[in-house]
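Undergrad: Model the following, please.
(2 chains)
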Amino acid sequence: MTEALLALEGVRISYFTRAGEVNVVPGLSFTLGRGEALGLVGESGCGKSTVALAIVRYLGRAGRVVGGRIRFEGRDLATLGEEELRGIRGRRIAMVYQDPMASLNPVMTVGRQLVEVPRLHEGVGETEARARALRMLAEVNLPDPEDVLRRYPHQLSGGQQQRIVIAMALIARPALLIMDEPTTGLDVTVEAAVLDLVRELRRRHDSAILYISHNLGTVVRVSDRVGVMYRGELVEEGSIRQVFSNPRHPYTRGLLDCLPTLGRDKRRTPLLPIPGQVESPSSRAPGCSFAARCAHVEPGRCTVGAIPTETVANEPGHRVQCVRAGELPPWRRRYVEAAEAGARAASEPVVALDRLSKVYRPRRGLFGAQADVRALADVGLDALRGQTLAIVGESGCGKSTLARVLSGLETATAGQVRLVGTDVAALPVDARAPSLRRTLQMVFQNPDSTLNPSHTVGYAVGRALRRLRGLSAAGAAREVGRLLEVVKLGPELAGRKPHQLSGGQRQRVAIARALAGDPEVIVADEPVSSLDVSVQAAIINLLTELQAERGATLLFISHDLSVVRYLADHVAVMYLGKIVEFGRAEDVFAPPYHPYTEALLSAVPVPDPDAQPERIVLEGALPSPTEVPRGCPFATRCPRKVGAVCDDTPPPEQRLAHGHRIACHIPAEDLVRLHRAGVPAPTGA
Amino acid sequence: MALGTTTVEAVLVPRRRPLARLLRGAWARAARLAESVPALVGVGIVGFWVAAALLAPMIAPYPPNANDFAALANPRPSAAHWLGTDHLGRDLLSRILWGARTVLAVAPVAVFGAAILGSLLGLCAGYYRGWVDLVVSRVCDVVLTFPVIILYMIILATFGSSALNIIGVLTLTKAPIIARIVRGVTLELREREYVAAAKMRGESGLYIMLVEILPNARGPLIVDMCLRMGFNIVIIGVLGFLGIGLPPPDPDWGGMVKDTYGMMSVYPHMALIPCAAISSLVIGFNLLAIGLREIGQRD
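TA: Model prediction:
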């Protein structure tokens, strides 16, 4: 076997803070062969990005590699001078980060930035560099490369920007490409396309890839091998198939068990969150670093000495750092075999939307009027008491506008929103009666801004209790403790400020605040999308439990179809402000599908190497909401487009069994047949 | 759970003694100043002058307006008059110490006045936007485009010069700058989710502005107040120099320069010493501002 391209040998990385040395990576070893793709997964704070930065020595002033060696093409990167290092960065090792806008210079055209790379690194002439840039842009599937070269980064969509960054990384033909969460900010269909691209480019260029992600599903799509990191240590490593079909480390199993997938729903396969949270790296107990959260921990064996890494019997290359790995029972994937209707009590609608529209009129400029933005167009929906209605769609589809109109933060342009019988479509929240305000409360997306950083938890929840329930200060103080317990937080947290809490804890406080008035309807706008999977599972379980106990109606807005599949009773799929499909979760997630739902489902990353769906490629980008197509909103990108009728005539709403509705020109029976027949070939570029 | 509820109340009870809480918070924040060298130097300089102002009646060797005509023969620094005397034989050290009292009384009051007025205007403009923003912003622009010194001269010439009038003028002319800063921060903070949450529970605009937004605009506001303090000290000096500052004979650093700069070539100390006092205090406040910004950025 030839020498590995990249070899980490007992690498130790520390950050030096005012409080002293914090050892974030206590000793990490792995190798990456030429042309191989290794995925590194783990929760945030487990040291994945630190390792990536350490390889190219970008740790900054506070971080330092304090031990071990990082060998790249036989040379120890730690001992190289700045000059030699510059020759390696960008040329032999290229990096792609999460936010493409941060990697692109906003005041330079894409062309100049791309051409610069080979000119700088290889001293190639202008014309040849340009030719290479054009070839590279064609390779990353950007239409009309000549035109793209002349553009500035802000004139491209997020997915296109990330393709440019990938093109910039690959144009120097690096031996190693490090990708740190490259698809995290992207929509699911765009993400799937970028992942396909990475896979395809790997075949063509023989660059090795170190792919870092918190998303187990995306790792499966691009890597050959996977390493699971916990608190700076590689706790399990092996081929994708070995790790995902026979995970041996309790942490890997925990990650898989807490992940909602398209095959799980809340009635049959509850998520199992990993208890606790990633402990801070500043204090390390002897023994296994996962011991404090592990269900299989055995005092005496797990909590003493260093835990050796051993190879799993009969699985060469599958290594686990767990003394009990051999004794654990075999792991079984938790699936629901076939979707079937669960028993569900019929109930009356609490929220009823009827032909709801929201149009934003941009301010008239000096040069005439700009086109109106239609964020919501004729939306009709019912949310039933005590059930969960999920609204899914990609960014820009109007789902957040819908939440804001419901909550009264914005008012509708036309149509009705009946909230327990009262039409609130035109009522801003401060014009609503106090009892109506109590009825509907909201949980927001961003754990960093959902709580006021200047107020304590006790104040935030207490204030809500006083305003919504009219409690006295003393009464509210008593009630705060009870509410915090409801969301499974200790009452001592009442005195803390948000910056002293983790993201999951903040989101729990936000839920407690929303519950203060005993609402009948809770609107949750992407409440788990910025949380780690294990925390996400706990919050989802909390929402499910609270709903079952209190009989509240949950409007759950999300872009994540796996979470929606798990949580929802009814699902509405939105595209460009319109509902294209609506029905019970089991009906929406089974054929017949609306072609858009079908494409979304095919794009969902699945953490199972044996169940990779056939991908449906969506052409082009989401049309601007100022120029919504006259006919079907999805016509411009639909892989199953029938013809001119799709462009010109709004599709009829086909009503199927159990209230399932699909807005499409293709009859439902044909949609089923088409789905069985497989993925249509993309039509032209 | 009896145990749980008592804990919560224990945690929440300190709210009833807001002063103690406020002091503890202020002390914690002040302790962080030690992290920045400029802030420490600034605190040293400002602290020196504050002490001088507070202790002036006790440590000043002479009454500030007493003339020692014997010293006029040689007004230079001597054992009797450490910093020398001015052209009327008044002890410079005593006048500098007493002068610190006037500056450090007028400048901070004017800054706080400007901060309160400016914050309110900025909060309203940023939170309500629309015509409120239009009116506030345009009025601020108009005030800011006036040549400041001429404006002071007009106002003080009309209403006479007194400490109160100087404070009023400084408040009115500095408030627009603070209003702009607070407006900018408010425009950003009003879109935060916690503001939406406050609206969802039916809070009034005033509550949202003062309780949800203002505390989070505190950082840039405090830094700017330190800078404003420096500017105000310079302006008080300039006004004194122009003869429209505090009425004589009470010591005023700017006035001290005005009275003696004619003798610059013979007795430079008479004008230079008050100049140095003004500069050092301004530099002290500016260093404090730099330090506070540094600490703010570290968070």
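Undergrad: Show me what counts as buried in the top helix by length along chain B.
TA: Longest among the helix segments of chain B by residue count, using DSSP state H, is helix B:92-128. Going by neighbour count (16 or more other CB atoms under 10 Å in any protein chain shown), the buried part of helix B:92-128 is B:92-104, B:106-111, B:113-115, B:117-127. All C-beta atoms are positioned from the backbone trio N, CA, C, and that covers glycine.
Undergrad: same question, stretch A:269-276
TA: A:269-274.
Undergrad: Return the member of these nearest to chain B.
TA: Using CB to the nearest CB, residue A:273 comes nearest to chain B of these, at 22.8 Å.
Undergrad: On the three-state scheme, the closest one is what?
TA: coil (DSSP: H, G, I helix; E, B strand; the rest coil).
Undergrad: From what I see, it and residue A:537 are in contact.
TA: Yes - using CB atoms under 8 Å, residue A:273 is in contact with residue A:537, at 3.9 Å.
Undergrad: Give the residues shared as contacts by these two.
TA: Taking CB atoms under 8 Å, 6 or more residues apart in numbering or on different chains as the criterion, residue A:273 and residue A:537 both touch residue A:258.
Undergrad: Just flag the most distant two among the buried residues of stretch A:269-276.
TA: A:269 and A:274 (16.3 Å; CB to CB).
Undergrad: Can you name the secondary structure element that comes next after the helix or strand of chain B with the lowest mean pLDDT?
TA: Every helix and strand of chain B was ranked by mean pLDDT, DSSP states H and E. The lowest is helix B:2-12, at a mean of 43. Sequence-wise, the next helix or strand downstream of helix B:2-12 (DSSP states H and E) is helix B:18-32.
Undergrad: taking the mean pLDDT, what do you get for that following helix?
TA: The pLDDT scores in helix B:18-32 average 73.
Undergrad: So that helix, near chain A or not?
TA: No - looking at helix B:18-32 against chain A by CB under 8 Å from any CB of the partner chain, there are no contacts, and the closest approach is 10.7 Å.
Undergrad: remind me which residues of the stretch 1-150 of chain B are low pLDDT?
TA: B:1-19, B:21-22 (pLDDT under 70).
Undergrad: residue contacts, residue 186?
TA: You didn't pick a chain, so chain A it is. Counting by CB under 8 Å, 6+ apart, residue A:186 has contacts A:158-159, A:162, A:194.
Undergrad: wrong chain, I was asking about chain B
TA: By CB under 8 Å, 6+ apart, the neighbours of residue B:186 are B:122-123, B:125-127, B:209, B:213, B:217.
Undergrad: Check residue A:448 too.
TA: Residue A:448 neighbours (CB under 8 Å, 6+ apart): A:503, A:506.
Undergrad: Residue A:130 is in what secondary structure piece?
TA: According to DSSP H and E, residue A:130 maps onto helix A:126-139.
Undergrad: Residues touching the very next helix or strand once past that helix, excluding its own?
TA: Counting by DSSP H and E, the next helix or strand C-terminal to helix A:126-139 is helix A:145-149. Contact with helix A:145-149 is made by A:109-111, A:114, A:130, A:133-134, A:137-138, A:142, A:156, A:160, A:164, as judged by CB under 8 Å, 6+ apart.
Undergrad: So which other helices or strands are in contact with the helix holding residue A:130?
TA: If contacts are counted by 3 or more CB pairs under 8 Å, 6 or more residues apart in numbering or on different chains; DSSP states H and E, helix A:126-139 sits against helix A:110-122, helix A:145-149, helix A:158-170.
Undergrad: will you turn the ones you listed into CSV that also has mean neighbour count and mean pLDDT?
TA: Below are these laid out as CSV (neighbours: other CB atoms under 10 Å in any protein chain shown; pLDDT from 0 to 100):
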stretch, mean neighbour count, mean pLDDT
helix A:110-122, 19, 88
helix A:145-149, 17, 87
helix A:158-170, 23, 87
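Undergrad: I appreciate the help and will end here.
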